[in-house]
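>>> Return atomic coordinates for the entry below.
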Amino acid sequence: MKNTFGTSVCVTLFGESHGPAVGAVIDGLAPGIAVDTGFIEHQLTLRRPYGNISTARVEDDRFEILSGVFNGKTTGTPLCIVIPNENKNSRDYSETRTLARPGHADYTSYAKYHGFEDYRGGGHFSGRITAAITAAGAVAIAALQEKGIFIGTHIASCGGVKDRSFGDLEKDIRELNGKLFAVLDEDAGEKMKTAIAAAAEDGDSVGGILETAVAGMPAGIGEPWFDTVESLLSHGLFSVPGIKGVQFGAGFDLADAKGSIFNDPFRMEGDAVVTGTNNNGGINGGISNGMPIVFRCAVKPTPSIYKKQNTVDFIEKKDAEIVLKGRHDPAIIHRARVVVDSITALVLCDLLAQRFGTDWLGGAV
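Modelled structure (predicted):
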């Protein structure tokens, strides 16, 4: 029953969707990292639902840091962040308690926790828990930015509409991190919103693809074989609800290409070793090569839809039908983008601490 991730910088998640609160404990953070509560609030705002493209459940996400911070800096002891749940409607789930919602973890959680799980709103499997990831990730993102490492994610496609690709990377990242709907082409963004709203009107949902870039990552980070940059990032990314696929660099797009196309030729740029292309996504042999780390995540359509669906009653052991009630997102991709940034930052902090020492991210070095 493990809910902790990381080796040097470890994150533990706790809470349920309709419980008193959700939260995270970060252990292994260096002392001396500046903790800006205003930045944490900003990051939580990027995850918060809004308008007719999101759930009607809107939480204030008032958070409290219970430990690990003193005079605005990390102390080096476990940092605990708690976010109360204030807008709950648990009765929406009581009638369908024993029905497995298609695409959800109702049956698998019952199989694992033997019926003792908190099923309301998805319990510990709910996307609500990503608020805690976002708050914890804000601390990691700020620490990386102080080291010149910047992370940005845009909605590469949604509802059949495609965004433009990254261009001026640092400029694009800076602009994306200020947007509620993270696209590089505003016209494409409006078309995506229209597609999401249309799905909601039809009682359905849509998915899409997120593309993330990390600028400023030094070469030499990661391990060969089992603790590669790809494997650890994928481990973290697949914990984000709704992510069903991850590719690095050109990934599957060049699976049928020849090596002469996929290979990234090296050259010197002043004293720096760079590559002419970045089809490998900034990683060779599982280790960062100093180029931007680039990857894409496939985000499935939200499983909570308002159409009648076939299912089973896993207690009565019989076939059944289900029509969902409650407040659900017609798409989660625009809210998941900051969660992906947060998970990425936490994984990279862990990798960097293993490479350069636990104090490297703080003010002691």
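
>>> Run through the stretch 51-200 of the chain and note the low-pLDDT ranges.
56-57, 87-93 (pLDDT under 70).

>>> Can you show me the strands along it?
64-67, 69-70, 73-74, 79-84, 150-158, 161-162 (DSSP state E, counting those that start in this stretch).

>>> what's stretch 110-130 in contact with?
3, 13, 15-19, 22, 47, 59, 85, 88, 90, 92-93, 97, 104-106, 109, 240-242, 314, 326, 329, 332, 335-336, 339 (C-beta atoms under 8 Å, 6 or more residues apart in numbering). (Glycine included, C-beta is placed from N, CA and C.)

>>> Provide a PyMOL selection command restricted to the buried entries of the residues you listed.
In PyMOL, this line selects whichever of these come out buried by 16 or more other C-beta atoms under 10 Å:
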select buried, resi 13+15+16+17+18+19+22+47+59+85+88+92+93+104+105+106+109+240+241+242+314+326+329+332+335+336+339
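
>>> Cross the contacts of stretch 110-130 against helices and list the overlap.
Among those, the residues falling in helices (DSSP state H) are R47, D106, S109, R335, A336, V339.

>>> And the contacts of stretch 45-59?
61, 83, 85-87, 89, 128, 130-131, 134, 177, 180, 182, 193, 196-197, 200, 327-331, 334-335, 337-339.

>>> picking up where we left off before, quick one: which of the ones in helices among the contacts of stretch 110-130 is nearest Q354?
Checking those against Q354 with C-beta to C-beta, the nearest one is V339 at 23.2 Å.

>>> I133 is in contact with the closest one, correct?
Yes: in this structure, V339 is within contact of I133 by C-beta atoms under 8 Å, at 5.6 Å.

>>> any chance of the ones in helices among the contacts of stretch 110-130 in a markdown table, with distance to A138 too?
Putting these into a markdown table (distance: C-beta to C-beta, whole Å) gives the following:
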| residue | distance to A138 |
| --- | --- |
| R47 | 10 |
| D106 | 31 |
| S109 | 28 |
| R335 | 15 |
| A336 | 16 |
| V339 | 11 |
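
>>> between those residues, which is nearest I322?
D106 (9.9 Å).

>>> Could you name every residue contacting both of V339 and I133?
V240.

>>> Show me where the protein has its helices.
37-47, 106-113, 130-146, 169-176, 186-201, 229-237, 259-262, 333-356.

>>> mind putting the ones you listed in a markdown table, distance to G276 included?
Shown next, in a markdown table, are the helices of the chain (distance: least, C-beta to C-beta, whole Å):
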| stretch | distance to G276 |
| --- | --- |
| helix 37-47 | 34 |
| helix 106-113 | 46 |
| helix 130-146 | 26 |
| helix 169-176 | 16 |
| helix 186-201 | 28 |
| helix 229-237 | 21 |
| helix 259-262 | 12 |
| helix 333-356 | 25 |
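
>>> V214 is nearest to which of these?
So among the helices of the chain, helix 333-356 is nearest, using C-beta to C-beta, at 6.7 Å.

>>> Rounded mean pLDDT for that closest one, please.
Averaged across helix 333-356, the pLDDT comes to 97.

>>> Tell me the helices and strands packed up against that helix.
helix 37-47, helix 130-146, strand 150-158, strand 208-215, helix 229-237, strand 293-299 (3 or more C-beta pairs under 8 Å, 6 or more residues apart in numbering; DSSP states H and E).

>>> If you count neighbours, what's buried in the longest one?
Yep, that's helix 130-146 we're talking about. 130-144.

>>> coming back round to it: with distance to L346 added, can I get the helices and strands packed on helix 333-356 in TSV?
Formatted as TSV, those follow (distance: least, C-beta to C-beta, whole Å):
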stretch	distance to L346
helix 37-47	13
helix 130-146	5
strand 150-158	11
strand 208-215	13
helix 229-237	7
strand 293-299	14
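
>>> re the thing from before, just name the most buried of the strands of the stretch 51-200 of the chain.
Counting by mean count of other C-beta atoms under 10 Å, strand 150-158 has the highest mean neighbour count of the strands of the stretch 51-200 of the chain, with a mean of 24.

>>> which other helices and strands contact that one?
Short answer (3+ C-beta pairs under 8 Å, 6+ apart): strand 150-158 packs on helix 130-146, helix 169-176, helix 186-201, strand 208-215, helix 333-356.

>>> Try it again at 6 Å.
If you count contacts as 3 or more C-beta pairs under 6 Å, 6 or more residues apart in numbering; DSSP states H and E, strand 150-158 packs onto helix 169-176, strand 208-215, helix 333-356.

>>> Okay, now the sheet partners of that strand, with direction.
Strand 150-158 has the following sheet partners, assigned by DSSP bridges: strand 161-162 (antiparallel), strand 208-215 (antiparallel).
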